[in-house]
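>>> no sequence for this one, just the structure:
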């Protein structure tokens, strides 16, 4: 398994391009996630997000090193930038990996993701929506009362936020048990509006959500 990281493309965590080479091994990165230095926490979370994008082997390495718990802790108690970077790492860890989705839910990510969806900046809200969409198969509505914030993001988010909200609602609506709750939360009308007036990606995701709700 991969235990050392190649050099990253840059060092600016605000752009999600933290230097992976400077951070070091995955085990060391997990230790650094638990430092009291907020800038360091955000930098390491950004590097883990970059690494997790490389595929299943890298995702497995990160989870085996024990990163999920510290990432959820950062998502819960970090500053806004650190929370956003933790969400980005969890988004990439949960992509196409059901075991990781379940581990992230078990670690308690649902509630802080919903809070980031409510309180974050535009990019953080879009990222939180993306993670919730990835986790949809491992969640129940009771686990994450995310529907109202997701529905709100359909109308108040930027283009990316609207598309990610629609994508999350599409995935949540794939479960018949959730469909009535989405309708009750007022999701149908803004999805129709997004289908008519959103950009191409948002229209595609809104169409999928409405198809699942039909």
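Done, it's in. All figures in this text were calculated on a predicted structure; none of them were measured in a lab.
>>> and residue 134, how many neighbours?
24 (other Cβ atoms under 10 Å). C-betas here are computed from N, CA, C, even on glycine.
>>> do a quick rundown of the helices in the chain.
20-23, 26-33, 38-52, 56-64, 68-77, 80-93, 98-106, 110-119, 122-134, 147-156, 159-173, 176-184, 188-197, 200-213 (DSSP state H).
>>> what comes into contact with the fourth one?
Where contact means Cβ atoms under 8 Å, 6 or more residues apart in numbering, the residues beyond helix 56-64 that reach it are 1-3, 26, 48, 51-52, 89, 92-93, 95-97, 99-100, 103.
>>> so which bits of stretch 84-103 are buried?
If you call a residue buried by 16 or more other Cβ atoms under 10 Å, then stretch 84-103 has these buried ones: 84-95, 97, 100-101, 103.
>>> poorly predicted segments of this structure, please.
Low-confidence segments of the chain (pLDDT under 70): 1-24, 140-144.
>>> of all residues in it, which one is nearest the centre?
Closest to where the C-alpha atoms of the chain average out (Cα atoms, centre = their mean) is residue 131, at 2.5 Å.
>>> distance check, that one against residue 208.
Going from residue 131 to residue 208 by Cβ to Cβ, to the nearest Å gives 18 Å.
>>> quick check, residue 198 in contact with residue 164.
No. Taking contacts as Cβ atoms under 8 Å, residue 198 lies outside contact range of residue 164: 11.8 Å.
>>> which of those two has more residues huddled nearby?
residue 164 (29 against 21).
>>> the residue lying closest to that one once chain neighbours are set aside: neighbour count?
Closest residue to residue 164 apart from its sequence neighbours, by Cβ to Cβ, 6 or more residues apart in numbering: residue 129 at 3.9 Å. Residues near residue 129, counting by other Cβ under 10 Å, number 32.
>>> thanks a lot, see you next time.
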